[in-house]
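> coordinates for the following, if possible.
(4 chains)
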Protein chains: 2
Amino acid sequence: MSKTLLPPKRSRLEDVARQAGVSAQTVSRVLRKPGLVAEATRQRVQSVIDRLGYLPDLVASNLATSSTRMVAAIIPSLASSVFADTMQALSATLATNGYQLLIGDSNYSPEHEDELVQAMLGRRPDAIVLTGTSRSKKVRALLARAGVPVVETWNLTANPIDLCVGFSNHAAGFDIARYIFRRGYRRVAFIGRLRNDPRSEDRLRGFREGLRGHGMSSVRVIEVGDPASPEVGAAGIDELLRRYPDADAVFFGSDRLAIGGLLACVRRGIAVPERLAIVGFGDFEISSLTMPSLTTIAVPTWEIGSITGELVLARLAGREIPERIVDLGYRFIQRESA
Amino acid sequence: MSKTLLPPKRSRLEDVARQAGVSAQTVSRVLRKPGLVAEATRQRVQSVIDRLGYLPDLVASNLATSSTRMVAAIIPSLASSVFADTMQALSATLATNGYQLLIGDSNYSPEHEDELVQAMLGRRPDAIVLTGTSRSKKVRALLARAGVPVVETWNLTANPIDLCVGFSNHAAGFDIARYIFRRGYRRVAFIGRLRNDPRSEDRLRGFREGLRGHGMSSVRVIEVGDPASPEVGAAGIDELLRRYPDADAVFFGSDRLAIGGLLACVRRGIAVPERLAIVGFGDFEISSLTMPSLTTIAVPTWEIGSITGELVLARLAGREIPERIVDLGYRFIQRESA
DNA sequence: AGCGACAATGTGAACGCTAACATTTTTGCC
DNA sequence: GGCAAAAATGTTAGCGTTCACATTGTCGCT
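Numbers count the residues shown, from 1 in each chain, chains lettered A, B, ... in the order given. Take a look at the predicted model:
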């Protein structure tokens, strides 16, 4: 291939400068602070830039300015629609001020998250956004020392590393327990992931506590494995009916699972909610459309991203931040399934 | 805040070097080619690194080596599960060789895509991955001149900028037309996005061509707007029944829409497929679970990402690439809805 | 005409690292 | 013990920008 034989050798600031008969600094100014250069020179330089197709090297620029205009975010899974929503909102908010989002996927693994944090920090992001609030001491120290804004999202904590934007998964679980009790269900179950998903664990903890408050001490728990897919939710229903045929209500750790469970019930002729009530978590886009529709908790996925973005921008612009911890709450959505 | 008053001043290679009593270069070697330094020095240096919590500055490293170990990818939407799958696969594949993925979200806007390409190229990625095959001459030129591998994905083209990994959206639409004809449907419709979604357009084109081949020249087309959500699909069904009450089969441009349409039919008591047959596109994770389940086309979302990743890695390692155009095909999945 | 003020442009040095080469130390061998 | 080869370490220069400061040019005003 001729391509590899003739490396096209990108043009640099100096190449533009030479051809325009000015110094490199002037070219830099044309790009960055055009107001400081005479209109005639500006046009001359600009035309050379256009002709050469010159693109400033941000790597060099970043080194010189010690600012990368990148914000790193680490999420448990790219393919999970809720985090994708948050990332889209974050990305859009940051983009308004020229910041790029660098996304890392930890695949729900804490060890991998640690590595990612380290790898990301090496790239000198101007801020870093994390999912969840629980992480190793070592990583907390690393982050605290990085000297950039850190936002922990998707849950709340009393002592964030820096900033925190989310809602209380625990309280949501608690509320669901109360609702289920009030609706008269007494033999309740939980189907969801636990290992490596601290937020789901928090929901279950809140759920348990809520039930205990009403004198219901036992929860039938079915832990599911890695991809919290609808298929896994359907399998969860089957396991539930096998192991605890007496169950009359089930709380799924996520709507992705719940939808699978709900559709499985429809297919197997199990009346929802008469024979088995179902509550989900997350209010996915189809949760309102199934028949029966899914009772669930709506989570401010988009807002988490946009508020996080605004906090980060505020910090980077040196503005004061009123609250280090932002509780965006959640909404209980009563529909047909429970 | 004391934080802003005392910038913690990160340690550099030289700080480590001084404290360990060696030169900066030796520290660099400890990190990069530990085999080249004596075990005793290695340990001494390493302990200083640990004590100081030194993290190499990749920005500087990138400038020095003129390689960023970043691959840029531009997708139409982060929140679309299919592209998210592709990105997860790509990210995972690249991660095995220490490459980071930089994702840009064009929000289905060609102009925004152009800007993004430019912004991304400024960051000097080692490769760039695009969604789709149609773009402006200017951007094609920019990319060709960037001197890095370029992969166009999610569709096929006879003359890619560089590499191409995807399947034929046109052929898929064609196949669906044939299937629909064979099943005896004669008054067919299409519901989907067209503007700013060239791949969806390709599907419709293939669909039209396929129908024409069987003597069916008219397709009832309902174009839908921006978020191709299930709700929009449901609204599409309502519009279809209003405008073309005689339609007996509908092809949705994506499963996300189709699922919404399907559930709307269920809710309105419209028998699927007896009264109205439905075919989707994309085989989303719940498409097999609805009742009736959705007849659709399965698209190699994951493979597009992983194969793209492998091609990129091969190129970057200087390995020969057998085929510049990789057709991963698709699978027609017959289920209950048509 | 001459002065100061401001606008426009230029000149080093620095950002933190690594490639390439140079030097020193160690090792094996007769 | 002395020598060459190999191993370990050090030195210099640069990657492509921007910052801080220095210089030159322009203009209005007395």
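
> measure A:Leu90 to A:Pro227 for me?
Per CB to CB, to the nearest Å, A:Leu90 is found 23 Å from A:Pro227. Where you see a C-beta, it was placed from the backbone N, CA and C, and this is true even at glycine.

> actually A:Gly53, sorry about that
44 Å.

> do A:Ala95 as well
30 Å.

> same question for A:Pro322.
Following CB to CB, the distance that separates A:Pro322 from A:Pro227 is 39 Å.

> show me which of these two is the more surrounded one.
A:Pro227 (15 against 8; other CB atoms under 10 Å in any protein chain shown).

> do you know the pLDDT at the more buried one?
The per-residue pLDDT reported for A:Pro227 equals 87.

> is it in a helix, a strand, or coil?
Following DSSP: H, G, I helix; E, B strand; the rest coil, the label given to A:Pro227 is coil.

> repeat that for the one 5 residues further on.
Applying three-state DSSP to A:Val232 yields a three-state assignment of helix.

> quick check: closest non-adjacent residue to it.
A:Val224 (5.0 Å; CB to CB, 6 or more residues apart in numbering or on different chains).

> touching, that neighbour and A:Pro230? I think so.
No. Between A:Val224 and A:Pro230 there is no contact under CB atoms under 8 Å: 11.3 Å.

> residue in the stretch 101-250 of chain A nearest to chain B?
A:Gly122 (4.4 Å; CB to the nearest CB).

> so who does that residue touch?
B:55-58 (CB atoms under 8 Å, 6 or more residues apart in numbering or on different chains).

> cool, A:Ile270 as well?
A:237, A:241, A:276.

> name the SS class of it, please.
coil.

> give me the distance between it and DNA strand D.
Using CB to the nearest atom of the strand, to the nearest Å, we find A:Ile270 at a distance of 64 Å from DNA strand D.

> how about the residues of chain A by DNA strand C?
A:21-26, A:29, A:36-38, A:40-41, A:60, A:63-64, A:66 (CB under 7 Å from any atom of the strand).

> mind giving me the ChimeraX select for these, buried ones only?
In ChimeraX, this line selects whichever of the residues of chain A next to DNA strand C come out buried by 16 or more other CB atoms under 10 Å in any protein chain shown:
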select /A:22,26,29,37,41,60,63
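
> so which of the residues of chain A next to DNA strand C reach chain B?
Of the residues in these, proximity to chain B by CB under 8 Å from any CB of the partner chain holds for A:60, A:63.

> grab the nearest non-local neighbour of the residue most central in space within chain A.
Centroid check for chain A by CA atoms, centre = their mean gives A:Phe83 as the closest residue, at 3.7 Å. The shortest distance from A:Phe83 to any non-neighbouring residue, by CB to CB, 6+ apart, is to A:Ile75 (4.2 Å).

> cool, A:Glu223 as well?
Using CB to CB, 6+ apart, the closest residue to A:Glu223 is A:Leu194 (5.0 Å).

> isn't the one you found up against A:Ser200?
Yes. A:Leu194 is within contact range of A:Ser200, at 6.3 Å (criterion: CB under 8 Å).

> these two: which is more packed in?
A:Ser200 (24 against 16).

> mind checking which helix or strand that one is in?
Assigned by DSSP states H and E, A:Ser200 falls within helix A:198-213.

> what sits up against that helix?
So helix A:198-213 is contacted by A:132-134, A:154-155, A:168-178, A:180-181, A:188, A:190, A:192-194, A:217, A:219, A:221, A:251, A:253-254, A:281 (CB under 8 Å, 6+ apart).

> tell me the helix or strand right after that helix.
Next helix or strand after helix A:198-213 toward the C-terminus (DSSP H and E): strand A:220-223.

> what about the closest residue to A:Val30 other than its chain neighbours, distance to A:Gly98?
Computed as CB to CB, 6+ apart, the closest residue to A:Val30 that is not its neighbour in sequence is A:Val45, at 4.5 Å. As judged by CB to CB, A:Val45 and A:Gly98 stand 22 Å apart.

> so these two - more neighbours on which side?
In this view A:Val45 and A:Gly98 are compared by other CB under 10 Å, and A:Val45 has more residues nearby, 25 against 8.

> dump the residue contacts of the more buried one.
Per CB under 8 Å, 6+ apart, neighbours of A:Val45: A:16, A:20, A:22, A:26-27, A:30, A:37.

> and it, what helix or strand is that in?
Under the assignment here (DSSP H and E), A:Val45 is part of helix A:39-52.

> touching DNA strand D at all, that helix?
No. Applying CB under 7 Å from any atom of the strand, one finds helix A:39-52 separated from DNA strand D by no less than 10.5 Å.

> any regions of chain A where pLDDT drops low?
Scanning chain A for pLDDT under 70 picks out A:1-8.

> domain assignment for it?
A:2-56, A:69-167+A:301-328, A:169-298 (automatic domain parsing).

> turn the ones you listed into JSON lines, including distance to B:Glu285.
Compiled in JSON lines, the domains of chain A are given as follows (distance: least, CB to CB, whole Å):
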{"stretch": "domain A:2-56", "distance to B:Glu285": "40"}
{"stretch": "domain A:69-167+A:301-328", "distance to B:Glu285": "10"}
{"stretch": "domain A:169-298", "distance to B:Glu285": "5"}
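
> for the closest residue to A:Thr93 other than its chain neighbours, give me its contacts.
The shortest distance from A:Thr93 to any non-neighbouring residue, by CB to CB, 6+ apart, is to A:Gly309 (2.8 Å). If a contact means CB under 8 Å, 6+ apart, then A:Gly309 has A:89-90, A:92-94 as its contacts.

> and the helix holding A:Ser200, what's buried?
So for helix A:198-213, counting by 16+ other CB under 10 Å, buried means A:198-204, A:206-208, A:210-211.

> rewinding a little: next one: the residue nearest to A:Glu223 from B:Val148, what distance?
A:Leu194 is 43 Å from B:Val148, by CB to CB.

> need the outlier residue of chain A, farthest from its centre.
A:Gly21 (48.9 Å).

> for A:Glu303, which residues are in contact?
Applying CB under 8 Å, 6+ apart to A:Glu303 gives the contacts A:89, A:328.

> mind redoing it with 6 Å?
Neighbour list for A:Glu303: A:Leu328 [criterion: CB atoms under 6 Å, 6 or more residues apart in numbering or on different chains].

> with the one 10 residues further on instead?
Applying CB under 6 Å, 6+ apart, we find A:Leu313 in contact with A:Asn97.

> kindly report the same for A:Leu263.
So A:Leu263 contacts B:Leu289 (CB under 6 Å, 6+ apart).

> that older thread, most widely separated two among the contacts of A:Val45?
A:Val16 and A:Val37 (13.1 Å; CB to CB).

> dump stretch A:77-89 to CSV, keeping only the CA atoms.
Extracted in CSV, the C-alpha atoms of stretch A:77-89 (Å, rounded to 0.1, in the frame of the first residue of the first chain):
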residue,chain,number,x,y,z
SER,A,77,-21.9,-1.4,31.7
LEU,A,78,-22.2,0.5,28.4
ALA,A,79,-25.0,-1.8,27.2
SER,A,80,-27.2,-1.0,30.1
SER,A,81,-29.8,1.6,29.0
VAL,A,82,-30.0,3.4,32.2
PHE,A,83,-26.3,4.3,32.4
ALA,A,84,-26.3,5.0,28.7
ASP,A,85,-29.0,7.6,29.3
THR,A,86,-27.0,9.2,32.0
MET,A,87,-23.9,9.2,29.8
GLN,A,88,-25.8,10.8,26.9
ALA,A,89,-27.0,13.5,29.2
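
> residues touching it, excluding its own?
A:75, A:103, A:105, A:282, A:301-302, A:304-306, B:78-79, B:84-85, B:87-88.

> kindly recompute the last result at 8 Å.
Against stretch A:77-89 from outside (CB under 8 Å, 6+ apart): A:73, A:75-76, A:101, A:103, A:105-108, A:131, A:153-154, A:228, A:256, A:282, A:284-285, A:299, A:301-306, A:308-309, B:77-81, B:84-85, B:87-88, B:91, B:105.

> so how far is the first residue of stretch A:187-204 from its last?
Length of stretch A:187-204, first residue to last, CA to CA, to the nearest Å: 15 Å.

> OK, contacts around the closest residue to DNA strand D within the stretch 201-338 of chain A?
Proximity of the stretch 201-338 of chain A to DNA strand D (CB to the nearest atom of the strand) peaks at A:Leu316, 14.6 Å away. By CB under 8 Å, 6+ apart, the contact list for A:Leu316 reads A:97, A:99, A:126-127, A:149.
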